[in-house]
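Q: quick one, fold the following:
(2 chains)
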Amino acid sequence: MAKDKKTKPSKELPLGFLDREEKVLKFRDLIISKIKEIMTVYGFQYLETPSFEYSESIGKFLPDKERPDEGIFSFKDENRWLSLRYDLTAPLARYVAKNFMEIPKPFKRYQLGTVWRNEKPGPGRYREFLQLDADFVGTKNLMADAELLLMATEILKSCGLKDNEFKIKFSSRLFLNEILADVKDDSVKLKVLRSLDKIERLGINEVKKLLGKGRKDESGDFTQGASLPDKQIDFILKQVKNPSFINVSKNIKGSAYSQINEFKKCLELFNLKNIEFDPSIVRGLEYYTGIIFEINLNFEVTNYDGKNIKFGSIGGGGRYDNLINNFGDYNLPATGLSIGLDRLVYALMQKQSLQIKENKPVVICVFDNRQFKEYIKIVKLLREANINSEIYSGEGKLKKQMEYANKLRSPAVILYGDDEIRSGKATLKNLETGNESSVKIEDLPNEIKKII
RNA sequence: GCAGCAGUAGCUCAGUUGGUUAGAGCACUAGUUUGUGGAACUAGGGGUCGGUGGUUCGAAUCCACCCUGCUGUACCA
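A: Okay, here's the model as predicted:
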C-alpha cells in the first residue's frame, strides 16, 4: 500500500461512463429478452460485430489527421487507425459489403451492442451505451420501413407501455429538401436543418431566432443564426408546423408528397396507431435519404434530484439508400431502426411498468468451520430445489453474518450450530418478520418456499 | 469549443467581518449483547478544505492562474 496519496489511483470514472448495478441490469436483461423474442418472431437474424473497426470503414473520419477522435474513440494499431463503433449501422454496412455474396437479400438483421461516443455527455446521456439496431438491407419497399415501426410499437408494449405513453413521428428527407429548395447555400441549408431539429427542445420561437440573427442561451452565451430573411423563415416554419399544408400546397407536390402518401398507406395496412407526420424531425444529416422517424416517450422522467428532464427521443431511424454503396457498387437501399436501451431502461424503471423479482440468496450461517460438511449438505439441498442460497463466505461472527444477510436483503438465514446439530433441526429465521422456526433439514426447501 | 455556476470526510452538506487542534448527519469500525440483523445508546477511525502561486503575524475563507465537475449551448455519423 502506497502511503503517498499522490500515487493513489483515481477511483473516479471517466467522464460520461457509468457503473451499472444489478437492479438496472436485471431490468435491462428482461427488456432484452423481450426484444430478442420479438426480433426472432419478425424474422430478423442475430448478428454481432466487433467493438472496433478500422476508422475508415465506419465513418468520414480519415485517419490522416493527427488523431481521428472528433466524436469517436480511436487509436493507432501498428499503422492503421482503429475506432470504437459509434453506432451499429455503420458496422452493418461494412458487414454487408464484406459478405455480399453469401447473405440473402433482402437481408434482415438485428444487433444489440454497446456503442461509444467521444462527446460531452448530458443529463441521461453517456459516452458508452447500449443500442438495439434492426435493419432491412436491399429493399426500397416502404413496407419495410412501416414494419420497423410496427416492431418498435410491439417492443414498447411488451415493456408494459400503453398506446398513449409513446408516440412515433415520421417525415421524409425529401420533404425538407423541397421546403428548403430556395436556400441555395449548402452551409446555410445545413444550419437551417440543425435549427429545425431543435423545435422539440427549444420551442418554435427560439428556433425562429436561430433561423434569423441568433439566440442567447440560458447562460447568456450567443449563438449565431442562419440570417434568413423574415419572409423565408415564416414560409419554412409554416410548412414545418402545419403538416396538413402538404395536402394543399402546389409548391411541394413533388416526390416528397407521393413518398409520404405511399408510406401512410403502408402504415394503414399494418393498422399502426399513434404515428404522425411531423416535418420538424430531422435526424442525422449525413446519411438519411428518405423516410425518417423518431420514437418519443409521452410521460415525465426525472433525474436523480427529482427534477423533470427533457428526455428526448429513445430511438429513431430511417432510410439510408446510399450508405452501403460507399463500399462499392452494391445497389443496396436500406432502412433501419435504433433504440437506445439504457435510456429506455432508465425511463421504464421510473414508470415501473415491469416487475423484477429480487431473488437474493438465503444465507446459511457458519458457526464452526469444522461443521462445513453439514452446511454444504444444506446448501446443495436448497440449490437442488432451485432456491438461491449460499454459505456465508466471510469470517465474521454470527452478528456479522446477520448484518451481512440483512444488508444483502436476504429473505432468511439458516442457523445450524451445536444446539441444532444435536437436535437434528435447523433454525430458519425469516429476516422480514424476525420469526424463527425449528425445521428438519429435509423440510427446509418447502419451508423456505413459503417465505420467498 | 463557448458561457454560467460549483469543488470542505466514502456520501450530502455547514463553516461568522481572515483568528487556536476544520464540524454535522448518513455510512463505516468496536462495544452495550463471546448464538441473532433492522431501532437505540456509547466510543472510535477517517480531511493536503481541488491544485499551484500570491497577500497576511495568521487563509477553507481574500487575489491570480490552472485542474475537475455540473448546467445551458454548439457539434453529434
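Q: how about the secondary structure of the closest residue to A:Glu436 other than its chain neighbours?
A: Spatial nearest neighbour of A:Glu436, chain neighbours left out: A:Lys429 (4.7 Å); criterion: CB to CB, 6 or more residues apart in numbering. Where C-beta positions appear, they are placed from N, C-alpha and C, glycine not excepted. At A:Lys429 the chain is in strand, as set by DSSP: H, G, I helix; E, B strand; the rest coil.
Q: okay, now A:Gly214: neighbour count?
A: Neighbour count for A:Gly214, taken as other CB atoms under 10 Å: 13.
Q: A:Pro411 is in contact with the residue nearest to A:Glu436, correct?
A: No - counting by CB atoms under 8 Å, A:Lys429 does not reach A:Pro411; the two are 10.0 Å apart.
Q: circling back: RNA strand B versus the residue nearest to A:Glu436, what's the distance?
A: 5 Å (CB to the nearest atom of the strand, to the nearest Å).
Q: neighbours of that residue, how many?
A: 20.
Q: what's the distance between it and A:Ile339?
A: 44 Å (CB to CB, to the nearest Å).
Q: repeat that for A:Tyr375.
A: 46 Å.
Q: so between those two, which is more surrounded?
A: More neighbours surround A:Ile339 than the other of A:Tyr375 and A:Ile339, with 23 against 20 (other CB under 10 Å).
Q: state the pLDDT value of A:Lys65.
A: Listed pLDDT for A:Lys65 reads 52.
Q: got any ranges where chain A has weak pLDDT?
A: Chain A contains residues with pLDDT under 70 at A:1-8, A:60-69, A:243-254, A:305-306.
Q: let's go with 50 and repeat that
A: Flagging of chain A using pLDDT under 50 yields the residue ranges A:1-6, A:62-64, A:248, A:250.
Q: how is it carved up into domains?
A: A:22-49+A:85-183+A:228-351, A:362-451 (automatic domain parsing).
Q: which residues sit against the longest helix seen in chain A?
A: Longest helix in chain A by number of residues (criterion: DSSP state H): helix A:22-41. Residues outside helix A:22-41 that contact it (CB atoms under 8 Å, 6 or more residues apart in numbering) are A:20, A:46, A:110, A:112, A:130, A:132, A:134, A:151, A:154-155, A:158-159, A:341-342, A:344-345, A:348-349, A:354, A:356.
Q: what comes up buried for that helix?
A: Buried residues in helix A:22-41, counted by 16 or more other CB atoms under 10 Å: A:Val24, A:Phe27, A:Arg28, A:Leu30, A:Ile31, A:Ile32, A:Lys34, A:Ile35, A:Ile38, A:Met39.
Q: could I get the residues you listed as CSV with distance to RNA strand B?
A: Converted to CSV, the buried residues of helix A:22-41 look like this (distance: CB to the nearest atom of the strand, whole Å):
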residue, distance to RNA strand B
A:Val24, 18
A:Phe27, 22
A:Arg28, 21
A:Leu30, 27
A:Ile31, 24
A:Ile32, 23
A:Lys34, 27
A:Ile35, 23
A:Ile38, 25
A:Met39, 23
